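Chemist: Kindly return the folded structure for what I paste below:
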Amino acid sequence: MKFRIKKIAAISYLLMIGNVYAESSNYIIRHPVELGFFGSSETEKPEEPSEPTKPEENGSGEWIQFFHSKNTLLNTKTMQEWSAGATSDVATLTGLGLTNSVLPKSTFGINNVNRLLMESNGLSNVDFLGGVSSIGELRLSNNPALTDISGMSAIETAGHIYLNKTGISNVNALLGLKSAYTVDLSGNKVTDFSGLKNLSIKRPGSIITVMIDYQDYYHKKRINWNEPFCQAFEKGDLYIRFSFNNGSPSSAQVGQFCYGDNEWMDFLHERNRFLDIQNIAKLTEPAYSAINISKMGLTNQMIPQSPFPNNRFGELNIESNSFENLNFLSLVTTAGTIKAQYNTKLKDITGLRNATSISYLDMRGVPLSSLSGLENVTKTGGMDFRENNNLRDISALSNLSSTSINPAVKGYIMFSHTYFDRAPAILSPFCQGLLKGDITIYQGSSSLSAVNYGSICK
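Modeler: Numbers count the residues shown, from 1 in each chain. Model prediction:
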């Protein structure tokens with residue numbers, strides 16, 4: 001009993017001392033009952049630690065602090081506020097001589113940027129834009145050291161992007177860009193435009209404008225004809241403006257920026273032909289039916305080695321080149337006008353072997369000895385083989401029955417002479433047509449005289 005009284009007294013004394021100490025030290029002294037000194041069966045549960053509170057970005061973030069230190073975005077408290085468009089603040093860092101070494105090392109940490117003006121600085125990259133998918137206006141002009149724009153790879157929609165007069169040589173970082181008002185790439189030596197291939201969606205009430213310098217596009221990497229960019233370009237939803245010798249801007253054409261759908265289309269584009277279209281099939285339409293590649297010094301080795309893919313055309317002018325054969329026309333069945341005069345090396349026209357109709361064939365000054373290749377032609381509006389004294393075999397004309405494709409227009413065939421070693425047989429459609437007057441033949445050079453049936457058909 002005495003022991004129990006002493007124990008209680010000792011505890012009371014300790015409690016008194018503890019209360020005094022707690023008042024001066026802020027430590028918490030628990031009541032003995034609370035501590036289980038008297039045999040309490042309850043075990044105290046430890047307090048669960050609360051989750052740390054994430055600090056709100058209230059101007060202390062390194063980028064917002066940086067902007068404020070440069071006296072810009074002063075009405076914006078957080079980067080998230082700027083991203084949401086809660087203020088109309090424009091981030092202006094123009095002409096401050098900024099390099100990447102003085103910028104915060106982190107990205108903006110936001111998805112949307114309203115207006116960011118950073119012209120005339122010393123930037124070498126834009127890694128701080130990593131993760132930004134939408135941007136209203138981005139001005140990076142006159143940053144000549146800027147060669148790396150990979151930080152823009154997440155951007156899908158933009159208002160205006162100015163990358164003029166930087167150090168970029170390609171725009172691969174813009175592969176994700178689908179919609180914009182303006183993309184200015186002028187003042188650069190871009191050798192690869194394929195990074196623009198997905199840019200195709202025009203903004204309401206506008207079309208997409210891409211600004212570049214006049215360049216030799218054909219030796220640059222262009223964009224495939226079936227990519228969204230080229231489809232939008234041909235459709236008129238997008239256009240390209242370029243300056244030539246610092247003059248007023250002119251509009252580029254789709255063939256200068258996009259590959260055609262066939263090597264013949266590319267061949268024609270490279271010779272400034274049909275630059276407004278990409279599809280070879282359109283050359284059968286009346287608006288594009290006249291193909292003029294005359295007087296270009298072309299040889300068979302300089303043109304595509306595959307046959308011209310269309311089986312008909314309105315007009316083909318290959319005058320005064322150096323072709324040796326017409327094998328590239330082997331798929332043609334219906335030809336309009338073929339102007340092949342003065343190809344002084346052309347001795348083989350068997351490439352026309354599948355043609356059944358030729359509106360007009362001009363072979364003046366072509367050193368043919370034979371017309372082999374015209375065996376299947378049944379109708380023509382006229383043929384001219386003058387200025388060729390070497391022609392000795394015209395038997396390939398045997399199946400030709402008329403020189404009038406249009407009943408209202410009478411055509412004719414012209415030769416320099418009529419002394420042939422081989423000619424169509426008397427009973428051939430050619431001779432029968434000549435006998436009936438369906439075929440007309442003239443002989444001569446400047447002055448022409450009619451040729452009668454007996455002079456040819458013997």
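
Chemist: In the helix or strand hosting Ile64, which residues are buried?
Modeler: Here Ile64 sits within helix 62-69, counting by DSSP states H and E. Across helix 62-69, burial judged by 16 or more other Cβ atoms under 10 Å covers 63-64, 66-67. The C-beta positions use only the backbone N, C-alpha and C, and glycine is treated the same way.

Chemist: Closest one of the residues you listed to Thr350?
Modeler: The nearest member of the buried residues of helix 62-69 to Thr350, counting by Cβ to Cβ, is Trp63 at 73.1 Å.

Chemist: what about Glu319, neighbour count?
Modeler: 19 (other Cβ atoms under 10 Å).

Chemist: Then Leu427?
Modeler: Around Leu427 there are 10 residues (other Cβ under 10 Å).

Chemist: Any stretches of this protein with poor pLDDT?
Modeler: 1-60, 215-220, 243-247 (pLDDT under 70).

Chemist: Would you map the helices across it?
Modeler: Taking DSSP state H, the helices of the chain run over residues 2-25, 32-35, 62-69, 79-83, 228-235, 254-257, 263-269, 429-436, 453-456.

Chemist: Counting by contacts, list what the last one packs against.
Modeler: In other words, helix 453-456. Helix 453-456 sits against helix 429-436, with contacts defined as 3 or more Cβ pairs under 8 Å, 6 or more residues apart in numbering; DSSP states H and E.

Chemist: Buried residues, stretch 152-171. List them.
Modeler: Across stretch 152-171, burial judged by 16+ other Cβ under 10 Å covers 152-155, 157-168, 170-171.

Chemist: Let's see which of those end up in strands.
Modeler: Members of the buried residues of stretch 152-171 lying in strands (criterion: DSSP state E): 157-162.

Chemist: For this structure, which residue occupies the most central location?
Modeler: Closest to where the C-alpha atoms of the chain average out (Cα atoms, centre = their mean) is Ile223, at 3.4 Å.

Chemist: Let me know whether it touches Gln231 as I believe.
Modeler: No: between Ile223 and Gln231 there is no contact under Cβ atoms under 8 Å: 10.2 Å.

Chemist: Distance of Ala232 relative to Gln278?
Modeler: Relative to Gln278, Ala232 is positioned 12 Å away (Cβ to Cβ, to the nearest Å).

Chemist: more crowded one of these two?
Modeler: Neighbour count, other Cβ under 10 Å: between Ala232 and Gln278, Gln278 has more, with 24 against 20.

Chemist: Quickly note the distance from the more buried one to Met265.
Modeler: Distance from Gln278 to Met265, counting by Cβ to Cβ: 6 Å.

Chemist: Next, show the common contact partners of these two.
Modeler: Each of 225, 255, 259 lies in contact with both Gln278 and Met265 under the rule Cβ atoms under 8 Å, 6 or more residues apart in numbering.

Chemist: I'd like these written out as a markdown table, with distance to Pro286 and neighbour count added.
Modeler: As requested, the shared contacts of Gln278 and Met265 are exported to a markdown table (distance: Cβ to Cβ, whole Å; neighbours: other Cβ atoms under 10 Å):
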| residue | distance to Pro286 | neighbour count |
| --- | --- | --- |
| Trp225 | 22 | 23 |
| Gly255 | 19 | 27 |
| Tyr259 | 25 | 19 |
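
Chemist: ok, of these, which one's closest to Gly314?
Modeler: Using Cβ to Cβ, the shared contacts of Gln278 and Met265 come closest to Gly314 at Gly255, 19.2 Å.

Chemist: which ones are touching that closest one?
Modeler: Applying Cβ under 8 Å, 6+ apart to Gly255 gives the contacts 265, 268-269, 274-278.

Chemist: And these, which of them are buried?
Modeler: Applying 16+ other Cβ under 10 Å to these flags 265, 268-269, 274-275, 277-278 as buried.

Chemist: Switch these over to JSON lines; also include distance to Gly373.
Modeler: Below are the buried ones among the contacts of Gly255 laid out as JSON lines (distance: Cβ to Cβ, whole Å):
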{"residue": "Met265", "distance to Gly373": "26"}
{"residue": "Leu268", "distance to Gly373": "24"}
{"residue": "His269", "distance to Gly373": "29"}
{"residue": "Phe274", "distance to Gly373": "27"}
{"residue": "Leu275", "distance to Gly373": "32"}
{"residue": "Ile277", "distance to Gly373": "30"}
{"residue": "Gln278", "distance to Gly373": "32"}
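
Chemist: Nearest to Asn390, out of these: which one, please.
Modeler: Among the buried ones among the contacts of Gly255, and counting by Cβ to Cβ, the member closest to Asn390 is Leu268, at 32.1 Å.

Chemist: what's the closest non-adjacent residue to that closest one?
Modeler: Spatially, and ignoring its direct neighbours in sequence, Leu268 is nearest to Phe274 (5.2 Å; Cβ to Cβ, 6 or more residues apart in numbering).

Chemist: so that neighbour makes contact with Leu283?
Modeler: Yes: in this structure, Phe274 is within contact of Leu283 by Cβ under 8 Å, at 7.1 Å.

Chemist: quick one on the thing from earlier: for the residue nearest to the centre of the chain, give the beta-bridge partners.
Modeler: Cys258 (DSSP bridges).

Chemist: Contact partners for Tyr288?
Modeler: 274, 277, 282 are the contacts of Tyr288 under Cβ under 8 Å, 6+ apart.

Chemist: Please read the previous query as pertaining to Tyr412.
Modeler: 382, 403, 439-442.

Chemist: now it: how far from Leu448?
Modeler: 9 Å.
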